[in-house]
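**Q** based on what follows, work out the 3D shape:
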Amino acid sequence: MCILTHTMTLLLLFLLFLSPSVSNACHPVDKEALLDFKHRITDDPSKLLDSWTGSTNCCTSWEGVACDSSGRVVNVTRWGEIVDEFTDTYMTGTLSPFLGNLSRLQVLDLRNVKELKGPIPPEFGKLSQLSYLFLDSNKLTGPIPMSFRHLSQLKLLDLGDNRLSGVVPPSVTASWKLVTGLCLSGNAFSGPIPSSIAEMAMLIDLDLHGNNFTGRIPSSIGNLKNLKYLDLSENQISGIIPQSIGGLSALEILDLEENKLEGSIPSSISRLTSMQVCALSDNKLTGNLPPSIGQLRNIQRLILVNNKLTGKLPATIGQLTTLGDIYLSNNHFTGKIPSSFGNLHNLQTLDLSRNNLSGELPSQLSKLQNLFNLDLSYNPLELGSIPNWLQELKLGSLVLAQTGIEGKLPDWLSSPSIWKLDLSSNALTGELPQWIGNMTTLSYLNLSNNRFHSSIPDEFKKLAGLVDLDLHSNKFTGKMNALIFSNSTFNSIDLSDNMFVGPLDEKIGERPAMASISSLILSHNSLQGTIPKSIGKMSVLQVLKLVNCGLSGIIPKELGDAEYLATILFSRNKLSGAIPGKVLNLKWLREFDVSNNRLTGKIPPHKAMIPKSAFLHNSGLCGSPLPPCNF
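**A** Model (predicted):
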């Protein structure tokens, strides 16, 4: 829902309940129209329209209806909207064309009825006094009726989150001279954005996100001097961002994410001095970030992720002291991080990951006492070691993957404030320190692709909040008991490519730490033993990888009880016996590989598209997709 539309809807609902009672009888034309609407509602489980009866006065007795002093209906607002925070209500049916006969209607609010289907009746174009029309969050289909060009008194229109389609007619938007809020988001509209939108001089909120609009942003869009919120994200818009965008002097939120925009960020963007959010991620933008960006004195969030921006980061960004979040990841920025970034005293998130930044980290960043999330990963920084001044910050998330860190983990990392720590793909060595048990808020830990060579310390059992753990590709040794018997409730564990030993705990699937695990990857360890039957009790398990673990025995049929399993990889072991049909016919199974084992018998019939290679090098296996059995 549009920002402005949401605010105004709540206000209109409030005014409806304050409307004085009217003694005049409801006009028969209006009553007929409303009863026809009720007739077309085929399901009303919450009894929202129970008060709408032919024997009562619609002006005084019908919930959600308000009239003027002459008994004409001026407001129809879906009853039950306010209690929706506590009770989910809905109605099923279609819109009645008779509603077009409510000639004095000013407000029609049927938003979030959820199950309104079918087209918007062209008869709605007769509602010449209609000022507020909310039909969002339903399942309406078809185009915007051409008759809407007659709605010259319209101020707010929200058709978002439906299944509407077709081209938005330029002649229709050209007639909406008084509209301040237009929301068409979450539909399937196509074609170009009508240039006539630039004639809607009163427009404050324009939300077209989540459609299939194509073509360019109209160059005339800069005429909308009152526009505060512009959201064109999640479309197929191409071309450049027009220089005229600098004319949107009142703009506070600019969201052009997930389109096909090309070219450079126009220097005129510096004129948007009221802008608080600039979101241009997931496009094909190129060129440098203009130094004039330092003039955006009210900017709070700068989001330019997943583009092709180049050059050095402008030192002028350090002038933007209102900035709370900087997201510049996955571009081609080069050079050093400007020391002026240390002036951003309100900064909470700094994400410069996946660029080509190099050089030393400026110690001025230690002044960022509000910084909570720092991600500099996948830059050729060649840090050597984690800078000690980072301990002066109150970081909650520290991500320095593949930044050239060497040596041991510094003791100060044991901060209890850190919930996410990712130091993967570096050259860290030594043992996993016992003080890691002091990181009591740790939720995500990734130390993969390093050179650690110890066992998992018992202190791991203290990490009650640890959810995601990735230690793959190290030289960890010993058993996994510190994890299996920990106080955590894991979502994912990856311990592959280490030197862990088994056998696996037979009751691993019954341990509290494994109750919510969705991904368990233990491949390329010397586990030996058998596959525990209890894994079938991991009720939300989706990924199970036990490749090259020295496992023997059978594939337990109990694995078929883990109904959400989508990936099962058991190749390069010593498994024997038959493949259980219950396992091979798991509903969500998409990836299955038991090649290079000692399995026998006929491959059970199955629906999943599993390649022949997944069964090869099992001398006793036969049946599709392998050659047929001879018995």
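
**Q** stretch 162-177: how far from the chain's middle?
**A** Counting by C-alpha atoms, centre = their mean, to the nearest Å, stretch 162-177 is centred 28 Å from the centre of its parent chain.

**Q** what does that stretch rub up against?
**A** Stretch 162-177 has contacts (C-beta atoms under 8 Å, 6 or more residues apart in numbering) with 120, 135-144, 146, 148-152, 154, 157, 182, 184, 186-197, 199-202. (Each C-beta comes from the backbone N, C-alpha and C, glycine too.)

**Q** okay, buried residues for it please.
**A** Residues 162, 164, 168-170, 172-176 are the ones in stretch 162-177 that count as buried (16 or more other C-beta atoms under 10 Å).

**Q** pLDDT (mean, whole number) over it?
**A** Averaging pLDDT along stretch 162-177 yields 95.

**Q** stretch 584-591 too?
**A** For stretch 584-591, mean pLDDT rounds to 95.

**Q** repeat for stretch 500-516
**A** Averaged over stretch 500-516, pLDDT sits at 94.

**Q** who touches stretch 578-595?
**A** Contacts of stretch 578-595 (C-beta under 8 Å, 6+ apart): 542, 547, 554-557, 559-560, 562-572, 575, 599-608, 610, 613-618, 621.

**Q** one step back: in helices only, show me the contacts of stretch 162-177.
**A** Among the contacts of stretch 162-177, none falls in helices (DSSP state H).

**Q** just the buried ones among those residues, please.
**A** Buried residues within the contacts of stretch 162-177, defined by neighbour count using 16+ other C-beta under 10 Å: 120, 135-138, 140-141, 143-144, 148-151, 154, 157, 182, 184, 186-187, 189-190, 193-197, 199-200.

**Q** excluding sequence neighbours, find me the nearest residue to residue 198.
**A** Distances taken as C-beta to C-beta, 6 or more residues apart in numbering place residue 220 nearest to residue 198, at 3.7 Å, with adjacent residues excluded.

**Q** what sits against that neighbour?
**A** Going by C-beta under 8 Å, 6+ apart, residue 220 touches 195, 198, 244.

**Q** got a markdown table for the residues you listed, with distance to residue 524 and pLDDT too?
**A** Shown next, in a markdown table, are the contacts of residue 220 (distance: C-beta to C-beta, whole Å; pLDDT from 0 to 100):
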| residue | distance to residue 524 | pLDDT |
| --- | --- | --- |
| 195 | 59 | 93 |
| 198 | 60 | 91 |
| 244 | 57 | 95 |
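
**Q** just the buried residues of the contacts of stretch 578-595.
**A** For those, a neighbour count by 16+ other C-beta under 10 Å gives the buried set as 542, 547, 555-556, 559-560, 562, 565-572, 575, 599, 602-603, 606, 610, 614-615, 618, 621.

**Q** out of these, which sit inside strands?
**A** Taking DSSP state E, the ones among these that sit in strands are 567-569, 575, 599, 602, 621.

**Q** looking at those residues, spot the one nearest residue 473.
**A** residue 569 (16.7 Å; C-beta to C-beta).

**Q** re the thing from before, looking at the buried ones among the contacts of stretch 162-177, which are in strands?
**A** Per DSSP E, the buried ones among the contacts of stretch 162-177 map to strands at 140-141, 157, 182, 189-190.

**Q** which parts of the stretch 251-400 of the chain are helices?
**A** Using DSSP state H, counting those that start in this stretch, no helices are found in the stretch 251-400 of the chain.

**Q** please enumerate the strands of it.
**A** 253-255, 260-262, 277-279, 286-288, 301-303, 308-312, 325-327, 332-335, 349-351, 356-357, 373-375, 397-399 (DSSP state E, counting those that start in this stretch).

**Q** kindly report the same for the stretch 401-550 of the chain.
**A** Secondary structure of the stretch 401-550 of the chain (DSSP E, counting those that start in this stretch): strands at 406-407, 420-422, 427-430, 444-446, 451-452, 468-470, 477-478, 492-494, 499-500, 519-521, 543-545.

**Q** turn the ones you listed into CSV, including distance to residue 358.
**A** Shown next, in CSV, are the strands of the stretch 401-550 of the chain (distance: least, C-beta to C-beta, whole Å):
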stretch, distance to residue 358
strand 406-407, 16
strand 420-422, 20
strand 427-430, 17
strand 444-446, 23
strand 451-452, 23
strand 468-470, 26
strand 477-478, 36
strand 492-494, 30
strand 499-500, 35
strand 519-521, 33
strand 543-545, 36
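
**Q** nearest to residue 224, of those strands?
**A** Of the strands of the stretch 401-550 of the chain, the one closest to residue 224 (C-beta to C-beta) turns out to be strand 420-422, at 40.5 Å.

**Q** name the helices or strands packed onto that closest one?
**A** Helices and strands touching strand 420-422, as assessed by 3 or more C-beta pairs under 8 Å, 6 or more residues apart in numbering; DSSP states H and E, comprise strand 397-399, strand 444-446.

**Q** where are the low-confidence patches of the stretch 251-400 of the chain?
**A** Applying pLDDT under 70 to the stretch 251-400 of the chain flags no residue at all.

**Q** now the stretch 51-200 of the chain
**A** For the stretch 51-200 of the chain, applying pLDDT under 70 flags the ranges 79-87.

**Q** switch the cut-off to 80
**A** Under the criterion pLDDT under 80, the flagged ranges of the stretch 51-200 of the chain are 78-89.

**Q** the stretch 1-150 of the chain: strands as residue ranges?
**A** Taking DSSP E, counting those that start in this stretch to define them, one finds strands in the stretch 1-150 of the chain at 41-43, 65-67, 73-77, 91-94, 107-109, 114-118, 132-134, 139-142.

**Q** listing partners with orientation, what would you give for the fifth one?
**A** If you go by DSSP bridges, strand 107-109 pairs up with strand 73-77 (parallel), strand 132-134 (parallel).

**Q** need those strands in JSON lines with distance to residue 520 and mean neighbour count, can you?
**A** Output for those, formatted as JSON lines (distance: least, C-beta to C-beta, whole Å; neighbours: other C-beta atoms under 10 Å):
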{"stretch": "strand 73-77", "distance to residue 520": "51", "mean neighbour count": "24"}
{"stretch": "strand 132-134", "distance to residue 520": "47", "mean neighbour count": "25"}
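
**Q** now those as JSON lines including distance to residue 58?
**A** What follows is these, written out as JSON lines (distance: least, C-beta to C-beta, whole Å):
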{"stretch": "strand 73-77", "distance to residue 58": "7"}
{"stretch": "strand 132-134", "distance to residue 58": "19"}
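
**Q** so what's the closest residue to residue 618 other than its chain neighbours bridging to?
**A** Leaving aside its chain neighbours, residue 618 sits nearest to residue 599 (4.2 Å; criterion: C-beta to C-beta, 6+ apart). Counting by DSSP bridges, residue 599 is bridged to residue 577.

**Q** which of the contacts of residue 220 sits closest to residue 285?
**A** Out of the contacts of residue 220, the member with the shortest distance to residue 285 (by C-beta to C-beta) is residue 244, at 17.1 Å.

**Q** quick one: contacts for the nearest residue to that closest one once chain neighbours are set aside?
**A** Spatially, and ignoring its direct neighbours in sequence, residue 244 is nearest to residue 222 (3.2 Å; C-beta to C-beta, 6+ apart). Residue 222 makes contact with 198, 242, 244-248, according to C-beta under 8 Å, 6+ apart.

**Q** with residue 271 instead?
**A** Counting by C-beta under 8 Å, 6+ apart, residue 271 touches 246-247, 249, 295.

**Q** tell me which two in these are the farthest apart.
**A** Greatest spatial distance in the contacts of residue 271: 247 and 295, 15.2 Å, computed using C-beta to C-beta.

**Q** for residue 313, give me phi and psi.
**A** When read as degrees, to the nearest 10, the backbone of residue 313 gives phi -70, psi 130.
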